[in-house]
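> sequence? don't have it. structure:
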């Protein structure tokens, strides 16, 4: 099952509920800077903060690779604060849902 089209649409629409529906109940997001992990509920809370109206713009988003086990996405973002980032996001999939995300972000400011 291809998740990228639905995921990209949710991200571009800032639709947290639509995005979270793609996450498995045992989901974990591992932050690259701090090394801590967020569960599905914590991830939804984080997205509601970051995706609030006017806070960010997706300058580009593309699927680098997707199969039944993995989805790799690259995106560039601009924020209301003036900062810009490039992100590589690796999604591990199981049974058609995302069970794990790890990301790496580079500051482009």
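Good, I have the coordinates. These numbers were taken from a predicted model, which means no experiment stands behind them.
> switch to C-alpha atoms for all contacts and neighbour counts from now on
Will do.
> Test for you: state the pLDDT assigned to residue 54.
Residue 54 is assigned a pLDDT of 87 by the prediction.
> Name the residue closest to the centre of the protein, please.
The centroid of the chain falls nearest to residue 89 when counting by Cα atoms, centre = their mean (6.6 Å).
> List the contacts of it.
Going by Cα atoms under 8 Å, 6 or more residues apart in numbering, residue 89 touches 72-74, 101-104.
> ditto for residue 86
So residue 86 contacts 74-77, 105-108 (Cα under 8 Å, 6+ apart).
> go with 6 Å
Taking Cα atoms under 6 Å, 6 or more residues apart in numbering as the criterion, residue 86 is in contact with 75-76, 105-106.
> What ranges does this structure have for its strands?
23-30, 37-39, 56-66, 70-79, 84-94, 97-107 (DSSP state E).
> Those: which one's closest to residue 11?
When these are compared by Cα to Cα, strand 56-66 sits nearest residue 11, at 8.3 Å.
> who does that closest one pair up with?
Within its sheet, strand 56-66 is paired with strand 70-79 (antiparallel), according to DSSP bridges.
> coming back round to it: relative to residue 5, which of the strands of the chain is closest?
Across those, residue 5 has its closest neighbour in strand 56-66 (8.9 Å, Cα to Cα).
> Mind listing what's buried along that closest one?
56-58, 61, 66 (16 or more other Cα atoms under 10 Å).
> what angle do the helix ranked longest in the chain and strand 23-30 make?
Of all the elements of type helix in the chain, the one with the most residues (DSSP state H) is helix 40-50. Interaxial angle of helix 40-50 relative to strand 23-30 (axes from the mean of the first three to the mean of the last three Cα atoms, to 10 degrees): 70 degrees.
> From the chain's centroid, how far away is helix 40-50?
Relative to its chain's centre, helix 40-50 lies at 11 Å (Cα atoms, centre = their mean, to the nearest Å).
> Touching it from outside, list them.
Where contact means Cα under 6 Å, 6+ apart, the residues beyond helix 40-50 that reach it are residue 27.
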